[in-house]
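Student: A predicted structure for the sequence below; I have some questions about it.
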Amino acid sequence: MKTFARIIFVTVLVVSFTTSTYGHKAVWLALNQQLITLYQKGKYSEAAKVAEKALKVAENTFHSNHLNIAKSLNNLAALYYSQDKYFQAESLFQRSLAIEEKVLGPEHSQVATSLNNLAALRYSQGKYTEAESLLQRSLAMVEKVLGPEHSQVATSLNNLAELYRAQGKYAEAEPLFQRALAIVEKALGPDHPDVATSLNNLAVLYEAQGKYAQAEPLLQRALVIVEKALGPDHPKVLTLLDT
C-alpha cells in the first residue's frame, strides 16, 4: 500500500509579492520541481535533501499557516515514507494536516488526501485500527465534497479495501474494490490504465481466496489495457505477465 503517500505537485498561483518575497518563492518553486524530478526517477534520498531545503525556504518565506508550508511538509514526509523513515514522516504529515484543516476547513479534498497519507503511514506501522479510521473519514469526506462517483472516491475505496484485504477481511474488501472499479470505468473510460489497476486489485483479492477462475479474466483484461496504453515493454505489463 505504499502508493498511498504521494508528492503534491506544486502549481504557480497568481499572488502579489514584494520583490524579495517573490525571489524566495521562485527558489521554492525551483526546488520543488527539482525534488519532483528526482522522486519520479526513484532517487528518494536525493529528493529528500532537496525537500528539506524547500521546507526551510518555505518556512522563511511564508507565514506559519501558509498552504505552501503544508505542501513542503507533505512532500518531505512522503519522501521519508518512501524510505521507510516512518518516525520522521509522522510529525511532518501531522503538521501538514493541521495547517490544511485550519486554512481549508475540516471537509476539503486536500484534507482528505492528507488523511489518506497519514493512513498509509499507520498501515505501514501495523496500526490497522488507526489506519481504518483515517481512511473511513477520508472516504466520507471525498464522497461529500466531490460526489460519490468522483475518481478520488475510487482511490479512497481502493485504499480501504486494500487495508481489509491485507487483514484477510475479504468479504469487506470485495464490494469496495468492485465499486472502485465501476467508478473509474465510468469516470475515465474502460481503457484507462487506472481501470487496469482496479482490475488487478480485484483479481489479487480473488487469488487470495483461491478463486482463480474469477481472477484470470480480470488479469487478462488488465494486461490488454496496459499493453495498449503503455506499450508491451512497460514495467506494469511485465508485472502483470508475472502475476
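Tutor: Received it, and whenever you're ready, just let me know what you need.
Student: Go through the longest helix anywhere in the chain and flag the buried ones.
Tutor: The longest helix of the chain (DSSP state H) is helix 19-40. Using 16 or more other C-beta atoms under 10 Å as the test for burial, helix 19-40 gives 24, 25, 28, 29, 31, 32, 34, 35, 36, 38, 39. To be clear about C-beta, it is placed using only N, CA and C from the backbone, and glycine gets the same treatment.
Student: Over to stretch 83-96?
Tutor: For stretch 83-96, burial by neighbour count (16+ other C-beta under 10 Å) applies to 86, 89, 90, 92, 93, 96.
Student: can I get the CA coordinates of it in CSV?
Tutor: Extracted C-alpha coordinates of stretch 83-96, given in CSV (Å, rounded to 0.1, in the frame of the first residue of the first chain):
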residue,chain,number,x,y,z
GLN,A,83,12.5,5.3,2.5
ASP,A,84,10.7,3.7,5.4
LYS,A,85,11.6,6.5,7.7
TYR,A,86,8.2,6.4,9.5
PHE,A,87,9.2,8.3,12.6
GLN,A,88,10.5,11.3,10.7
ALA,A,89,7.5,11.2,8.4
GLU,A,90,4.8,11.1,11.1
SER,A,91,5.2,14.6,12.6
LEU,A,92,5.5,16.2,9.2
PHE,A,93,2.3,14.6,7.9
GLN,A,94,0.5,15.7,11.1
ARG,A,95,1.8,19.3,10.8
SER,A,96,0.7,19.4,7.2
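Student: got a list of contacts for it?
Tutor: 5, 44-45, 48, 70-71, 73-74, 76-78, 80-81, 114, 117-118, 121, 124-125 (C-beta atoms under 8 Å, 6 or more residues apart in numbering).
Student: 6 Å instead?
Tutor: Contacts to stretch 83-96, defined as C-beta atoms under 6 Å, 6 or more residues apart in numbering, come from residues 44, 70, 73-74, 76-77, 80-81, 114, 117-118, 121, 125.
Student: And for stretch 154-172?
Tutor: With contacts defined as C-beta under 6 Å, 6+ apart, stretch 154-172 is touched by 1, 131, 135, 138-139, 142, 173, 176-177, 179-180, 183-184, 205, 209.
Student: of those residues, buried ones?
Tutor: Buried among the contacts of stretch 154-172 (16+ other C-beta under 10 Å): 131, 135, 138-139, 142, 173, 176-177, 179-180, 183-184, 205.
Student: tell me which element residue 205 falls in.
Tutor: Residue 205 is part of helix 193-208 when elements are defined by DSSP states H and E.
Student: what helices or strands is that helix leaning on?
Tutor: The elements that helix 193-208 packs onto, with contact taken as 3 or more C-beta pairs under 6 Å, 6 or more residues apart in numbering; DSSP states H and E, are helix 170-188, helix 212-230.
Student: would CSV of those helices with distance to residue 163 and mean pLDDT be doable?
Tutor: Listed next are the helices and strands packed on helix 193-208 as CSV, based on distance: least, C-beta to C-beta, whole Å; pLDDT from 0 to 100:
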stretch, distance to residue 163, mean pLDDT
helix 170-188, 8, 96
helix 212-230, 20, 90
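Student: Extract the residue ranges of the chain that are flagged as low pLDDT.
Tutor: Applying pLDDT under 70 to the chain flags the ranges 1-22, 230-243.
Student: which residues sit in contact with residue 34?
Tutor: By C-beta under 6 Å, 6+ apart, the residues touching residue 34 are residue 50.
Student: then stretch 99-114 to PDB, C-alphas only?
Tutor: Listed next in PDB are the C-alpha coordinates belonging to stretch 99-114 (Å, rounded to 0.1, in the frame of the first residue of the first chain):
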ATOM      1  CA  ILE A  99      -2.400  23.500   8.600                       C
ATOM      2  CA  GLU A 100      -4.700  22.300   5.900                       C
ATOM      3  CA  GLU A 101      -7.600  21.800   8.400                       C
ATOM      4  CA  LYS A 102      -7.100  25.300   9.800                       C
ATOM      5  CA  VAL A 103      -6.800  27.000   6.400                       C
ATOM      6  CA  LEU A 104      -9.200  24.900   4.300                       C
ATOM      7  CA  GLY A 105     -11.600  23.600   6.900                       C
ATOM      8  CA  PRO A 106     -12.100  20.100   8.100                       C
ATOM      9  CA  GLU A 107     -14.000  19.000   5.000                       C
ATOM     10  CA  HIS A 108     -11.800  19.600   1.900                       C
ATOM     11  CA  SER A 109     -10.500  17.300  -0.700                       C
ATOM     12  CA  GLN A 110      -6.900  18.200   0.100                       C
ATOM     13  CA  VAL A 111      -7.500  17.400   3.800                       C
ATOM     14  CA  ALA A 112      -8.900  14.000   2.600                       C
ATOM     15  CA  THR A 113      -5.600  13.400   0.700                       C
ATOM     16  CA  SER A 114      -3.600  14.200   3.800                       C
END
